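In: what follows is a predicted protein model with its sequence.
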Number of protein chains: 2
Amino acid sequence: MAQSSPSSSSLNPPHRFLLGPGPSDVHPRVLAALGMPLLGHLDPTFVAIMDQTQALLRSVFRTENRLTIAVSGTGSAGMEAVVVNLIEPGDKMLVCVNGVFGGRMVDVAGRAGAEVVSIERPYGEVFDPEEVGKAIKEHRPKVVGIVHAETSTGALQPVDEIAKLAHEAGALIAIDTVTSLGGVPVEIDKWEIDAVYSGTQKCLSCPPGLAPVSFGPRALEAIHRRKTKVQSWYLDMTMIERYWGGDRFYHHTAPISMNYALREALQIVIEEGLEERFARHKLNHEALKAGLAAMGIGYATAKGRELPQLNCVTIPAGIDDATVRGRLLNEYGIEIGGGLGSLKGKAWRIGLMGYGSRRSNVALLLAALETILGELGHRFERGAALAAAGIVYRSAKA
Amino acid sequence: MAQSSPSSSSLNPPHRFLLGPGPSDVHPRVLAALGMPLLGHLDPTFVAIMDQTQALLRSVFRTENRLTIAVSGTGSAGMEAVVVNLIEPGDKMLVCVNGVFGGRMVDVAGRAGAEVVSIERPYGEVFDPEEVGKAIKEHRPKVVGIVHAETSTGALQPVDEIAKLAHEAGALIAIDTVTSLGGVPVEIDKWEIDAVYSGTQKCLSCPPGLAPVSFGPRALEAIHRRKTKVQSWYLDMTMIERYWGGDRFYHHTAPISMNYALREALQIVIEEGLEERFARHKLNHEALKAGLAAMGIGYATAKGRELPQLNCVTIPAGIDDATVRGRLLNEYGIEIGGGLGSLKGKAWRIGLMGYGSRRSNVALLLAALETILGELGHRFERGAALAAAGIVYRSAKA
């Protein structure tokens, strides 16, 4: 553990249950990997670790894409990497906005010089393929950008039909899987997604700091056909693919320790099995949902679109957002998220992500909420939440 | 330690002595900090850690600049952050190029839409203030960019007079301290530097993954006066300063574990004392230099400009670069760097950086080189290298 001189404060973070929108709790094996001794970024052993990471990432993204790597930044750097590599100044991009991260994509695309067209849905809803198809036909964009799992609203957006409609119009499709990867199915090849980015700090249970990305053949062709340089040197895939590729051409110094952590996190996902992992997320979500319902708490997300790993729920009338989140943190060490954008003060975002999607976390959170909401005068039948959650687990075993 | 199922390969990096141009060996306390449990990026305790990190960074940069933070990417992201925030399309930037990283700055500035003017010096040399002053007067740039410690050549560039000349012409000065910070004096306020970036993986002995940056009042004024958005959303200081500043406005999820590591690494620097740290780097450098001279190995860097933390030395005639570096790595676990650019195959880059600047590393490297070079037929007096290094250490004590 860290030693410090008497005059300095030593690093000693309090224990938290990270049940918000991410970062989520990191698996102990991943923490151990982070602390391993460093290798040089061109060391043969590190190069082998990068190869393993690429193979694992392809398995988790369910893709054969050669250019499947971890960008050396957080999920937002992944978004920017996808946009600035696909877009040249003057290119048209259609962005579907139903939350904060769709909105962010509009901003990023505009800064890349795109002519941005956006269509909108209220927070918590998702898009119908037909309305997106109509906008594609009308605007004929080069790229369609859409968020698969909107971290600000907890909504899951089906993207396979939209990908088909984009391709019929000669457009590329780029999707945000920051919150979906490792928690619900992400099928890059089956859905024919051209470009995708994600983050490490959600359902992969790795600290934030890297952004898995993957580019398919159509996207690569568009990148190689560019007439202008990618505006970001740091995120330029035409150079980065030479470092991750066979010739290991030096670009920038890879974040060694974070790459150790990601490799270990992906290994854990594959050991569990993707289907088993998705089923676990679903079961704990169902139990949480039943428990919350017993306390009169429903979802802010459109019915049937709720992400199992990120439960965006409506704060009961008369209950103060900050009071409850403050008590959860200070009395129980539990972090949950507040609402963003139009849901600020109106919703909580409860993450059961990756390693954090566990029966014990569901039980602890329901127990803590029962106590706090009860003391704040919210009316519900005591004990009903845990009973309802228990029924879900028992039915799953039966 | 990481466990794996029998079918998976477990992460078990071999031990290395990282005596190249970086990443350098990480202090054990920093590795321990990396493995600490995660906090949320808006957790009050993490916010306090960020405040401590900012205060420590200001001490190490020797600045009072409020906007002194760690960018969530490696040193090259720091370079891009400085350039894209200061430059608007059409702005003129003068870049001084005497190595790979000056060349990279030209590329980054061009992508940001700058009208780039560059002046050049051969690899290993540095610029005279007069010649830079002349170019500033001729071209009247908005920003002058120069590398303080060129990682590709091991040359230290004095920048204080150049800063004065830039200001006399109404220009801003931005410097690259990736390899200098924590190894030789970096005096941001005394030298009146407007913008600076660095990396964590050199003399701070922290893994790569963050880029300390600092912006002074003139640079901030230029940023706030911009007519166009910063082209990179991820690196936009007008938004990032609101997260690191008082209002903690969410921008992107900070890399929590890497921020733990940086805080601990900076704490170690301050505990040792900056002057003591610089003296230690200098002493081990002098000992290495004396030892190498006894084997007939001199410096590729101009005399008097050698960086103590990064020794760029000429490979003796008849000795094959790859053979020696391969044997150092495979037989001793020692990594040193090869030459870059015009020095490829002609020079070695030997780093004695931060935690790696130790008498034991000097002794080990000289011992290994004596054995390998002797076996390869290089002629020199056996035993003279260690004796020469020993004299340096004895004189320092006297």
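Out: Nice, I can see it. Bear in mind the structure is a predicted one, so any value in this text is a computation, not a measurement. Residues are numbered from 1 along each chain as shown, chains lettered A, B, ... in the order given.
In: so A:W191 lies in a helix, does it not?
Out: No: if the criterion is DSSP: H, G, I helix; E, B strand; the rest coil, then A:W191 is coil and not within a helix.
In: how confident was the prediction at it?
Out: The predicted local distance difference test score for A:W191 is 98.
In: need the strands for the stretch 151-300 of chain A, in chain order.
Out: Secondary structure of the stretch 151-300 of chain A (DSSP state E, counting those that start in this stretch): strands at A:155-156, A:172-176, A:195-197, A:211-215.
In: using PDB, list the CA coordinates for the second one.
Out: Meaning strand A:172-176. Written as PDB, here are the backbone C-alpha positions of strand A:172-176 (Å, rounded to 0.1, in the frame of the first residue of the first chain):
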ATOM      1  CA  LEU A 172     -22.200   4.100 -43.200                       C
ATOM      2  CA  ILE A 173     -23.500   3.400 -39.800                       C
ATOM      3  CA  ALA A 174     -21.600   4.200 -36.600                       C
ATOM      4  CA  ILE A 175     -22.900   3.200 -33.100                       C
ATOM      5  CA  ASP A 176     -22.100   4.100 -29.500                       C
END
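In: and it, is it in reach of chain B?
Out: No: looking at strand A:172-176 against chain B by Cβ under 8 Å from any Cβ of the partner chain, there are no contacts, and the closest approach is 13.3 Å. To be clear about C-beta, it is placed using only N, CA and C from the backbone, and glycine gets the same treatment.
In: so which elements touch the helix or strand of chain A with the lowest mean pLDDT?
Out: Per-element confidence for chain A was summarised using mean pLDDT, DSSP states H and E. The lowest value among helices and strands belongs to helix A:237-244, with a mean of 92. The elements that helix A:237-244 packs onto, with contact taken as 3 or more Cβ pairs under 8 Å, 6 or more residues apart in numbering or on different chains; DSSP states H and E, are strand A:67-71, helix A:75-86, helix A:217-224.
In: which parts of the stretch 101-250 of chain A sit against chain B?
Out: Selection of the stretch 101-250 of chain A residues close to chain B by Cβ under 8 Å from any Cβ yields A:104, A:107-108, A:110-112, A:199, A:201, A:207-209, A:229-234, A:250.
In: show the buried residues in those residues.
Out: Neighbour-count burial within those applies to A:104, A:107-108, A:110-112, A:199, A:201, A:207-209, A:230-234; the criterion is 16 or more other Cβ atoms under 10 Å in any protein chain shown.
In: how many neighbours does the residue of the stretch 251-398 of chain A found nearest chain B have?
Out: Sorted by distance to chain B under Cβ to the nearest Cβ, the residues of the stretch 251-398 of chain A start with A:P255, at 3.5 Å. For A:P255, the neighbour count with other Cβ atoms under 10 Å in any protein chain shown is 27.
In: ok, now which ones touch the spatially closest residue to it that is not a sequence neighbour?
Out: The spatial neighbour of A:P255 that comes closest, neighbours along the chain excluded (Cβ to Cβ, 6 or more residues apart in numbering or on different chains), is B:G209 at 3.5 Å. By Cβ atoms under 8 Å, 6 or more residues apart in numbering or on different chains, the residues touching B:G209 are A:72, A:209, A:255, A:257-258, B:73-74, B:200-201, B:255, B:258.
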